[in-house]
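Q: one predicted model, sequence on top.
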Amino acid sequence: MSMGLQAASLFLLAIPVACISWTVTHEEVFKEPREYCKKFSQEGRTILTRKFFYLFTCEYCFSHYVALGILFLTGFHLLYDGWRGYLIAGFSLVWIANIYMGIYSRIRLDIKREKIEIEQKENNEK
């Protein structure tokens with residue numbers, strides 16, 4: 001695969017990694033399982049239990065596992081054939097996916113801020 005195609009694949013495959021990671025760790029549809037995991041990540045008896053459940057509440061941590069799944073499904077690798085290419089691809093996918101999630105988070109924050117400002121203006125006009 002050419003370098004250009006590898007780069008394009010990297011940026012495209014990072015989209016589902018970011019989407020799945022964000023949805024599981026932030027959106028309302030997974031609120032109950034996330035709260036369950038959060039409880040056990042704080043109150044678990046062993047450090048292994050706490051760390052295991054923490055993985056489902058942190059988008060960065062969870063994105064590593066999603067990236068592994070995407071690599072398994074697609075066979076995508078970067079620069080090298082074999083395990084080195086998969087290792088580089090995995091960390092690269094996580095990095096790009098987290099950039100995407102950071103941008104998305106910032107956009108949501110701006111939208112929320114604008115909404116609050118509009119509501120305040122409407123309340124002041126009344």
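A: Received it, and whenever you're ready, just let me know what you need.

Q: CA atoms for contacts and neighbours, from now on please.
A: Noted.

Q: what's the neighbour count on residue 107?
A: The local packing of residue 107 (other Cα atoms under 10 Å) involves 12 other residues.

Q: which parts of stretch 43-51 are buried?
A: For stretch 43-51, burial by neighbour count (16 or more other Cα atoms under 10 Å) applies to 44, 50.

Q: just say helix, strand or coil for residue 80.
A: coil (DSSP: H, G, I helix; E, B strand; the rest coil).

Q: got phi/psi on it?
A: Backbone torsions of residue 80, given as degrees, to the nearest 10, read phi -120, psi 150.

Q: for the residue nearest to the spatial centre of the chain, give me the pLDDT.
A: Nearest residue to the geometric centre of the chain (Cα atoms, centre = their mean): residue 21, 3.4 Å. pLDDT, residue 21: 94.

Q: what of residue 108?
A: If you check residue 108, the pLDDT there is 88.

Q: burial of it, as a residue count?
A: Neighbours around residue 108, by other Cα under 10 Å: 12.

Q: how about residue 124?
A: 8.

Q: host element of it?
A: Using DSSP states H and E, the element containing residue 124 is helix 83-125.

Q: may I have the secondary structure class of residue 76?
A: Residue 76 ends up coil, using three-state DSSP.

Q: just confirm it contacts residue 92, I think it does.
A: No. Residue 76 lies out of contact with residue 92 (Cα atoms under 8 Å); the separation is 11.2 Å.

Q: circling back: what helices and strands are in contact with the helix holding residue 124?
A: For helix 83-125, the packing partners by 3 or more Cα pairs under 8 Å, 6 or more residues apart in numbering; DSSP states H and E come out as helix 3-26, helix 59-74.

Q: what about that helix, distance to the chain center?
A: The chain centroid and the centroid of helix 83-125 are separated by 10 Å, computed with Cα atoms, centre = their mean, to the nearest Å.

Q: one step back: residue 115: which of the helices and strands packed on helix 83-125 is closest?
A: helix 3-26 (19.7 Å; Cα to Cα).
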